[in-house]
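Enquirer: got a sequence here, can you model it:
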Amino acid sequence: MKLVTYRYEEKEAVGVISPCGNYVYPVKDLGFAYDTMNELIDALSGEGLCGLQKAAEAGTEAEIPFEQVELLAPIPVPKQDMICLGINYMAHAEESARYKKEAFGGERPFAVYFSKRIGEAVKPYGEIEGHLDIVERLDYEAELAFVIGKDAKKVEEKDAAGYILGYTVINDVSAREIQTRHKQWYFGKGLDGFTPMGPWIVTADEISFPPKLGIQSRVNGELRQDSNTELLIFDIPHIIHELSQGITLKAGTIIATGTPAGVGMGFDPPKFLKAGDEIACTIEGIGTIKNVVK
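Expert: Coordinates of the predicted model:
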């Protein structure tokens, strides 16, 4: 099942893509009277998802042709900052060290966590605000993100799958010189318009666990990143288990799992983004987001 936030006739709403893919079913017409994805996620905790699934399979006469809606980010305004993992593919760890002219020992004993501020997530086919007045080294990062479906506290790895609502695609847009200058990632990755997301949330029942999905990015049609999520150093069960030992992961929490090799800073010379560049991020079984830098 694909959950979407969309705009239709100048109104923003939450819906489900029909099984055939040709229509959007407003969740209000499926018996779920919620205005935002955050509200819907709270309602789906527990057995609510099964009820929505059955309602979507039955359909509704209030269907909207898919081509008539404008897709927004599935969670346009998250409840809190997104939790991200840094250098979580070995090949990306190597290219990152090379860019920073650091020695690379080939070991990652502990996960690197940071938060990414999202004032409003960029719609899946919207524009990336490049902040080119203060950013010269603008970069892209295709990532698999997952959404927590119910509050998670002290979760064992074997139980982690039961806490996932679904998966989406994000582009962790990054200002490399700001990252380097401030020696932390919050500012350089948290600028307004730095989080394209979508095109929807694919519910967890649609994806085998743990996910082994192809992940790619293209810039102006040129393939840059080409990997698979099975190469994560710290996988999703580890992430949920480790974080939940000391942090209650609330329903609706978005966690981005890191990016593979092939980002702009990894090339020699680097291939940073400029105004007008189009970045497409694709994850197998989920979809593609495509955004242009302005």
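Enquirer: what helix or strand is the residue positioned nearest the centre of the chain located in?
Expert: Centroid-nearest residue in the chain: Ile170, 3.3 Å away (criterion: CA atoms, centre = their mean). Using DSSP states H and E, Ile170 sits within strand 164-171.
Enquirer: now the residue lying farthest from the centre of the chain. Its backbone dihedrals?
Expert: Centroid-distance maximum for the chain: Glu61 at 31.3 Å, with CA atoms, centre = their mean. Glu61 adopts backbone torsions of phi -70, psi -10, taken as degrees, to the nearest 10.
Enquirer: so what does the strand holding Ile170 touch, helix or strand wise?
Expert: strand 142-148, strand 197-203, strand 254-256, strand 278-283, strand 287-293 (3 or more CB pairs under 8 Å, 6 or more residues apart in numbering; DSSP states H and E). For every residue, glycine as well, the C-beta is placed using N, CA and C.
Enquirer: and the helix or strand that that strand is followed by, how far out from the chain's middle?
Expert: On the C-terminal side of strand 164-171, the closest following helix or strand by DSSP H and E is strand 174-175. Between the centre of strand 174-175 and the centre of its chain there are 16 Å (CA atoms, centre = their mean, to the nearest Å).
Enquirer: low-confidence ranges, the stretch 101-250 of the chain, go.
Expert: Low-confidence segments of the stretch 101-250 of the chain, defined by pLDDT under 70: none present.
Enquirer: how many other residues sit next to Val155?
Expert: 21 (other CB atoms under 10 Å).
Enquirer: please read the previous query as pertaining to Pro260.
Expert: 27.
Enquirer: might one say that it is in contact with Ala93?
Expert: No: using CB atoms under 8 Å, Pro260 is not in contact with Ala93; the gap is 10.3 Å.
Enquirer: just the helices in this structure please.
Expert: Ranges of helices in the chain, per DSSP state H, are 37-44, 48-58, 90-99, 176-182, 186-189, 236-244.
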